[in-house]
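*Asks:* make a model of this:
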Amino acid sequence: MEALDEAVLAGRALVTYGRPGRPLGASRIGVGALVRVELRREKRDDAPAGVVARRSRDRVAVAFDEPPPDWATSGRVSLELVPSPVTWERLSAGLRRVASPDGKRWHPVLRGEAPRFLPRPRGPALPTSLAPEQEAALDLADRAVDVALVHGPPGTGKTTVLVEVIRRAVARGEKVLAAAPSNLAADNLLERLVAAGVDGVRVGHPARVVPALLDRTLEARVEGHEAVLIAAGLVEEALSLRREARKRREKRGPGRFSQARDAERRARELLAEARRLEDRAERDVLDRAPVVVATLTGVDAPVLSGRRFVLAAVDEATQAVEPAAILALLRADRAVLAGDHLQLPPTVISAAATAGGFGVSLFERLAGAHGEAAMVTLFEQRRMNEAIMRFPSQAMYGGRLRAHPSVAGWKLDDEPLLFVDTAGTGYEEGTPEGSDSRHNEGEAALVAREVERVLALGVAPGDVAVISPYDAQVQRLRQLLATRVEEGLEVDSVDGFQGREKDAVVVSLVRSNDLGEVGFLSDVRRMNVAITRARKKLVVVGDSATVARHPFYEAFVRHAQDVGAWVSAWGRE
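*Replies:* Now for the predicted structure:
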C-alpha cells in the first residue's frame, strides 16, 4: 500500500495508507491496533510505530506520536501488527500491588467477605427520571462502603444508573474514576456523562477515542494551557538547535564537533524542560476534572501515576478479567461495578487460563458468592419489542424480563421476530485460507437479501446492523454489502456490538455441517448479546439441522415455530 493523505489528530501526525479501489481484505489490523510501517523489501532502523485511528474497506489511518520519516509517507510500504506487552505488564503489576500492604483495604472483599453498606444513602437526592428498580440500584450503590453491583440485562439501563451514581458523587465533591474494559465502552460512558451534564476528561491515545469525544481528551484539554504554549516554543527551539548541529557536523573546520555536541546537549535540555511543562499542564487539568474516564488498563497509564479517587465506577465490568477490575479498585476508596454476567464474558485466549478461572470476572464471582446481598438486578427493559424479548427472557433470565409499555409493541412490520431456516439448502460453512474463522458463502448471500428486505420497509441503513459471531463471515458480509455500508449500515461481530442497539438487526449464525458442530456458538452468552440488540425487528438466519443439536438453539427454533416466526430459506429467494 501507499500513503494517500497526511493530516493531524489531536497534535499527532495522521497518515492514511491504502490501495484506492482495492479492498485491504480480512486483517487483524483494526482501530486501536499498534502497527509498524516498513518498506516492502528493506528493514529500517527508523521504522515508525503508530496506532490505527480509522479503518475502512481500502484505507487505514495511522496516528504517530512523532512525525514519521519521509520514506514512510512516500512510496510503497507495508503495515505490520506489533504485539504490545503493556496490558500484561499492567495487570501483573496490579496483582503485585493488591498483594502488598497498599492493597490491604480490598483483601476482605477479594477473599470472599460480604460487601458492606451504610444504613442510608450518602445523597444528595438529585432529580432523576429513574424507574423504581433503577432507584433501588442507585440507593444500594450510594450506600456501598466497599463495593456494590448493578446487574443490568439488555436494555434495562445499567449505564443510566451508573451515570446517576457518578452525578451524586460529583455533587458531593468527590473525585471519580469512570472506567470500562474497552475503549468503546469507556467512550459510551463518557458520552452518557456529557449528556447528563457531567464534565469528564478522557485519558487514552486519541486514535482510540471516537471522533465526537476528541475535545474531551486530555491532549485537547491541555492544548491551550499556558505551560503547553511555552513548551511548544521550547520544542521549536530544540528542533532548530538539532538542525544547526547537523549542519555544523557537515562543515569543515576546527571545533565543529564540540559545537554540534553543545547544540545537541542544549536541545535535550530544552526538550526535557518542555516535557516538564507539559506534565504540569496535564496535572492541572486532571486536578480540576471531577471525573476521569479511562479503560481499565489505561487506569495505570503513567499520566495517572499516584492519583487517587473516592469512587471507581466500572461499566461493562463482566467483560473484564479480574486483574483488570482490580486496577480500578486499587485507585479508589470504594467501587460500583455494573454489568451482566449472562452477556459477553472476559476475552481469554489461553485454555489453561480459562480452566484456572481467569474467564470469570470479579463481578460474576461476587454475584455468585453474595447474590442480592451485594447486588440489585434490573428487569424492566426499554429497548426491545416484547416479541424479541420473550425468548432471551425465558432462556437467560428465568422469564423475569419485562418490556416497558413504551417499547413493548413497537415494530417495523408484522414480523418483529423471524428465523430464516437454511436447512436443506446446501449452504455449508467453510474456513477461509489462512484463517481459523468460519464463513458461509450461501448464507451470506441470503443475509444480504434479508437486509434489502428490511431496508425496503423504509428503515434507514444507519438504523440497521448485521451481526455474526465469526469474523470471516463479517468480512464477507462487508464485501457483499459494501454500498450499504457506505450508506451507514453496520456489519460487525457480536463482541463489537456489545452495549449497542439498532432498530433492525440481522444475525448470521454461519454453522452448517453434517456433524452438528456449533463451535463458538456454544457460548450462549454471545448469542444472548446478538439477539438483544434489535429494537423493532430481529432476523436470525441459520441452519436448524446443525444448530438445533445444541439445547439453546433447539429451544430458540421451537420458540420461533410456536409463535409463527419460522420460515424456510427456500421461500426467500
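*Asks:* spit out the contact partners of the residue lying closest to Ala212 once chain neighbours are set aside.
*Replies:* Closest residue to Ala212 apart from its sequence neighbours, by CB to CB, 6 or more residues apart in numbering: Glu191 at 7.4 Å. In this view, the C-beta of every residue, glycine as well, is placed from N, C-alpha and C. Glu191 makes contact with 210, 212-213, according to CB atoms under 8 Å, 6 or more residues apart in numbering.
*Asks:* SS state for Glu191?
*Replies:* helix (DSSP: H, G, I helix; E, B strand; the rest coil).
*Asks:* quick revisit: neighbour count, secondary structure and distance to Ala195 for the contacts of Glu191 - can I get that in TSV?
*Replies:* As requested, the contacts of Glu191 are exported to TSV (neighbours: other CB atoms under 10 Å; DSSP: H, G, I helix; E, B strand; the rest coil; distance: CB to CB, whole Å):
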residue	neighbour count	secondary structure	distance to Ala195
Val210	16	coil	14
Ala212	11	helix	12
Leu213	19	helix	12
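*Asks:* closest to Arg19 among the residues you listed?
*Replies:* Relative to Arg19, the closest of the contacts of Glu191 is Val210; by CB to CB it sits at 25.8 Å.
*Asks:* which residue packs closest to that closest one, ignoring adjacent ones?
*Replies:* Per CB to CB, 6+ apart, closest to Val210 is Asp187, 4.8 Å.
*Asks:* Val209 is in contact with that neighbour, correct?
*Replies:* Yes. Using CB atoms under 8 Å, Asp187 is in contact with Val209, at 6.2 Å.
*Asks:* what do the two both touch?
*Replies:* Arg202.
*Asks:* quick one, which of the two is more surrounded?
*Replies:* Between Asp187 and Val209, counting by other CB atoms under 10 Å, Val209 is the more crowded of the two (26 against 21).
*Asks:* give me the pLDDT for that one.
*Replies:* On pLDDT, Val209 comes in at 90.
*Asks:* which one of the contacts of Glu191 is nearest Ala169?
*Replies:* For the contacts of Glu191, the nearest to Ala169 is Leu213 (21.0 Å; CB to CB).
*Asks:* name the SS class of Ala504, please.
*Replies:* From three-state DSSP, the assignment for Ala504 is strand.
*Asks:* for it, which non-adjacent residue is closest in space?
*Replies:* That would be Lys537: by CB to CB, 6+ apart, it lies 4.2 Å from Ala504.
*Asks:* in a strand, that's where that neighbour is, yeah?
*Replies:* Yes. The assignment for Lys537 is a strand, going by three-state DSSP.
*Asks:* what's it in contact with, if anything?
*Replies:* Neighbouring residues of Lys537 by CB under 8 Å, 6+ apart: 385, 388, 411-413, 415-418, 454, 457, 459, 503-505.
*Asks:* go on, Ala335?
*Replies:* 144, 146-148, 311-314, 328-329.
*Asks:* beta partners of it?
*Replies:* Val147, Ala312 (DSSP bridges).
*Asks:* tell me how far it lies from Val147.
*Replies:* 5 Å (CB to CB, to the nearest Å).
*Asks:* are there residues contacting both of these two? Which ones?
*Replies:* With CB under 8 Å, 6+ apart, Ala335 and Val147 have common neighbours Leu329.
*Asks:* may I ask which helix or strand of this protein has the lowest mean pLDDT?
*Replies:* One helix or strand of the chain scores below all others by mean pLDDT, DSSP states H and E: helix 226-250, with a mean of 69.
*Asks:* next SSE downstream of it?
*Replies:* As assigned by DSSP states H and E, the chain's next helix or strand after helix 226-250 is helix 256-288.
*Asks:* what's the offset of that next one from the middle of its chain?
*Replies:* Averaged C-alpha coordinates place helix 256-288 at 35 Å from its chain's average position (CA atoms, centre = their mean, to the nearest Å).
*Asks:* average pLDDT across that helix?
*Replies:* Per-residue scores along helix 256-288 average to 77.
*Asks:* now what about stretch 218-231, what contacts it?
*Replies:* By CB under 8 Å, 6+ apart, the list of residues contacting stretch 218-231 reads 10-11, 201-203, 206, 214, 273-275, 277-278, 280-282, 284-286, 303.
*Asks:* try it again at 7 Å.
*Replies:* 10-11, 201-203, 206, 214, 274, 277-278, 280-282, 284-285, 303 (CB atoms under 7 Å, 6 or more residues apart in numbering).
*Asks:* next one: stretch 289-303
*Replies:* 87, 90, 93-94, 166, 170, 175-183, 186, 189-190, 193, 198-204, 218, 282, 286, 320, 324-325, 327-328, 331.
*Asks:* rewinding a little: tell me which entries of the contacts of Lys537 lie within helices.
*Replies:* For the contacts of Lys537, the ones inside helices are 388, 454, with DSSP state H as the criterion.
*Asks:* of the contacts of Lys537, closest to Arg307?
*Replies:* Val505 (40.2 Å).
*Asks:* which ones are touching that closest one?
*Replies:* Applying CB under 7 Å, 6+ apart, we find Val505 in contact with 465, 467, 533-534, 538.
*Asks:* one more time with 8 Å, if that's ok
*Replies:* Neighbouring residues of Val505 by CB under 8 Å, 6+ apart: 464-467, 530-531, 533-534, 537-539.
*Asks:* excluding chain neighbours, give the residue nearest to it in space.
*Replies:* Excluding its sequence neighbours, the residue lying closest to Val505 (CB to CB, 6+ apart) is Ala534, at 3.8 Å.
*Asks:* ok, now Gly442?
*Replies:* In this structure, Gly442 finds its nearest non-sequential neighbour in Tyr427, 3.1 Å apart by CB to CB, 6+ apart.
*Asks:* low pLDDT regions in this structure?
*Replies:* 8, 10-11, 25-28, 238-239, 241-242, 245-260, 263-264, 573 (pLDDT under 70).
*Asks:* I'd guessed Val314 sits against Ala328; true?
*Replies:* Yes. Between Val314 and Ala328 there is a contact at 5.4 Å, judged by CB under 8 Å.
*Asks:* list residues touching both of the two?
*Replies:* Common neighbours of Val314 and Ala328 (CB under 8 Å, 6+ apart) are 179, 296, 335.
*Asks:* a markdown table for those residues, including distance to Gly368?
*Replies:* Output for these, formatted as a markdown table (distance: CB to CB, whole Å):
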| residue | distance to Gly368 |
| --- | --- |
| Ala179 | 22 |
| Leu296 | 21 |
| Ala335 | 18 |
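*Asks:* ok, those vs Ser361, which is closest?
*Replies:* The shortest gap between Ser361 and any of the shared contacts of Val314 and Ala328 belongs to Leu296, at 11.0 Å (CB to CB).
*Asks:* separation between that closest one and Met375?
*Replies:* From Leu296 to Met375 the distance is 20 Å (CB to CB).
*Asks:* confirm Gly442 sits in a helix?
*Replies:* Yes. Under three-state DSSP, Gly442 falls within a helix.
*Asks:* that one reaches Thr425, doesn't it?
*Replies:* Yes. With contacts counted by CB under 8 Å, Gly442 reaches Thr425, the gap being 6.4 Å.
*Asks:* right, I'll leave it there.
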